[in-house]
Every structure is written in C-alpha cells, then in structure tokens.
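Chemist: Got a sequence here, can you build the structure:
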Amino acid sequence: MKSITKDNVEGKMHQMTGKIKEVVGKVFKNRSLEGEGKAENLDGHVQEKISEIKKVVDK
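Modeler: Here you go, the predicted model:
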C-alpha cells in the first residue's frame, strides 16, 4: 500500500476511534477518556492532512 493511502486510512481510523472514545467519555463522565478521544481525533485529522499534502507534492 502506498504511503499516501496508508496515511489517509490510518488518519480516518484514528478519527473514528477518537470520536468513539470522546462520546464514551462524555456518557460515563470520564474526562480523561474524553480528552484522549479528542486528542486521537485531532491526530487523525493531522495525519489525513499530511496525506493530502503528500498527494500534492507527488504530482
């Protein structure tokens, strides 16, 4: 799998996992889990943007 595709897929997975952790943290009033979810979601967005930048640079 190309690095660009891998970064994009991993970024989306981190976003999804982060969102799930964030919601579960809110439901159970676990601020630590909620914060961890927000951070992972943000990491996923960053990784996805890196993938987009790599696409532009490779062209």
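Chemist: which residues in this protein form helices?
Modeler: Listed in chain order, the helices of the chain (DSSP state H) span residues 3-27, 31-58.
Chemist: and the shortest one, what does it pack onto?
Modeler: Put plainly, it is helix 3-27. Applying 3 or more CB pairs under 8 Å, 6 or more residues apart in numbering; DSSP states H and E, we find helix 3-27 packed against helix 31-58. Just so you know, the C-beta spots here come from the backbone N, C-alpha and C atoms, and that holds for glycine as well.
Chemist: Please identify the buried residues of the helix it packs on?
Modeler: Judged by neighbour count using 16 or more other CB atoms under 10 Å, the buried positions of helix 31-58 are 33, 34, 36, 37, 40, 41, 43, 44, 47, 48, 51, 54.
Chemist: need those residues in JSON lines with pLDDT and distance to residue 3, can you?
Modeler: Compiled in JSON lines, the buried residues of helix 31-58 are given as follows (pLDDT from 0 to 100; distance: CB to CB, whole Å):
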{"residue": "33", "pLDDT": "98", "distance to residue 3": "31"}
{"residue": "34", "pLDDT": "97", "distance to residue 3": "32"}
{"residue": "36", "pLDDT": "98", "distance to residue 3": "26"}
{"residue": "37", "pLDDT": "98", "distance to residue 3": "26"}
{"residue": "40", "pLDDT": "98", "distance to residue 3": "21"}
{"residue": "41", "pLDDT": "97", "distance to residue 3": "22"}
{"residue": "43", "pLDDT": "96", "distance to residue 3": "17"}
{"residue": "44", "pLDDT": "96", "distance to residue 3": "16"}
{"residue": "47", "pLDDT": "94", "distance to residue 3": "11"}
{"residue": "48", "pLDDT": "93", "distance to residue 3": "13"}
{"residue": "51", "pLDDT": "90", "distance to residue 3": "8"}
{"residue": "54", "pLDDT": "88", "distance to residue 3": "7"}
